[in-house]
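Trainee: Just to be clear, the model below is a prediction. Sequence and coordinates:
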Amino acid sequence: MSGRITALEPQKHSSERVNVYLDGEFAFGLALSAAVSLHLGETLTDPEIAALKATDEVERAREKALNYLSYRPRSEAEVRRYLEEREFSPQTVDEVIERLCQVGLIDDDAFARFWVENRSRFRPRGERALAQELRQHGIAPAVITKALGEYDAVAAAETYVREQAQRLAGLPPEQFRRRLAERLARRGFAYDLIEDLLTRYASPDAINLEIEE
């Protein structure tokens, strides 16, 4: 594959990438940042081409990972799985993960805190459900335990109960309690906490009375 560079042309669909031609034939693509060091007439050896391709793969993987991270924080396992699904080599995936961890863009402790805080505010869950979700994101047990250490499951459950009271209003007390218990259980709240809440909030009226007070 070694040869003399006969053309360096911008790619049609990406101004940040360049097509490299050797001896009049398309050879490979490169990020513009890597291609600026190349010159027409320069001869590239096989090892030099392999090194350029490996560097380019890392850059492409890094850009993919950064775009993936731009929507919300991600766990290391999520980013690794994302890159593997796009068929980057294991060496490239490892290198990109290491770089992103070093600069704090991948941080499982921060991700776990984000996940718990987000759920607490917008979609309350019990500790059991939160732990399961974090495990599914590849978070280590010790990190999960730490993230849940300051989680107020009671406050989260009370928030959810108040929210559901509006949706279940009008049901007879017994049906209200049964539906509420089922929904709290599906959210992963502990059974003793559910029993306590059902004792305190036997009907939507009891919830509304507490809110008014």
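Mentor: Thanks, I have the structure now.

Trainee: Tell me who's in contact with the residue positioned nearest the centre of the chain.
Mentor: Within the chain, one residue has its C-alpha closest to the average C-alpha position: by CA atoms, centre = their mean, that is Arg74, at 2.6 Å. Neighbouring residues of Arg74 by CB atoms under 8 Å, 6 or more residues apart in numbering: 68, 82, 106, 111. Heads up, the C-betas are built off the backbone N, CA and C, glycines and all.

Trainee: Kindly provide the distance from the residue nearest to the first one when sequence neighbours are not counted to Ala54.
Mentor: The shortest distance from Tyr68 to any residue other than its chain neighbours is 5.3 Å, reached at Tyr82 (CB to CB, 6 or more residues apart in numbering). Between Tyr82 and Ala54 the distance, using CB to CB, to the nearest Å, works out to 20 Å.

Trainee: neighbour count winner among these two?
Mentor: Neighbours per residue (other CB atoms under 10 Å) separate Tyr82 from Ala54, with Tyr82 holding more: 18 against 14.

Trainee: I'd like to check which residues are in contact with Leu40.
Mentor: For Leu40, the set of contacting residues under the criterion of CB under 8 Å, 6+ apart consists of 5-8.

Trainee: Also Glu16?
Mentor: When contacts are taken as CB under 8 Å, 6+ apart, Glu16 is in contact with 31-33.

Trainee: can you tell me how far it sits from Glu63?
Mentor: Noted for Glu16: a distance of 9 Å to Glu63, by CB to CB.

Trainee: go on, Glu150?
Mentor: For Glu150 relative to Glu63 (CB to CB), the value is 36 Å.

Trainee: which residues sit in contact with Gly104?
Mentor: When contacts are counted by CB under 8 Å, 6+ apart, Gly104 touches Ala110.

Trainee: What is the burial count for Arg162?
Mentor: The number of residues packed near Arg162 is 15, by other CB under 10 Å.

Trainee: Let's see the pLDDT reported for it.
Mentor: Reading off the confidence values, Arg162 has pLDDT 84.

Trainee: and if you look at Leu184?
Mentor: Listed pLDDT for Leu184 reads 92.

Trainee: change the start of the numbering to 397 and stick with it
Mentor: Okay, using 397 as the starting number, the last item reads as Leu580.

Trainee: just checking, next helix/strand downstream of whatever helix or strand it lives in?
Mentor: Leu580 is located in helix 569-582, with elements delineated by DSSP states H and E. From helix 569-582 onward toward the C-terminus, using DSSP H and E, the following helix or strand is helix 587-596.

Trainee: okay but Glu455 is in contact with Ala427, surely?
Mentor: Yes - taking contact to mean CB atoms under 8 Å, the distance of 4.7 Å between Glu455 and Ala427 places them in contact.

Trainee: shared neighbours of these two, which are they?
Mentor: When contacts are counted by CB under 8 Å, 6+ apart, Glu455 and Ala427 have no shared neighbour.

Trainee: So, low pLDDT: which residues of this protein?
Mentor: Applying pLDDT under 70 to the chain flags residues 598-609.

Trainee: quick one: buried residues of the longest helix anywhere in it?
Mentor: The single longest helix within the chain, with elements called by DSSP state H, is helix 442-465. Judged by neighbour count (16 or more other CB atoms under 10 Å), helix 442-465 contains these buried residues: 445, 448-449, 452-458, 460-461, 465.
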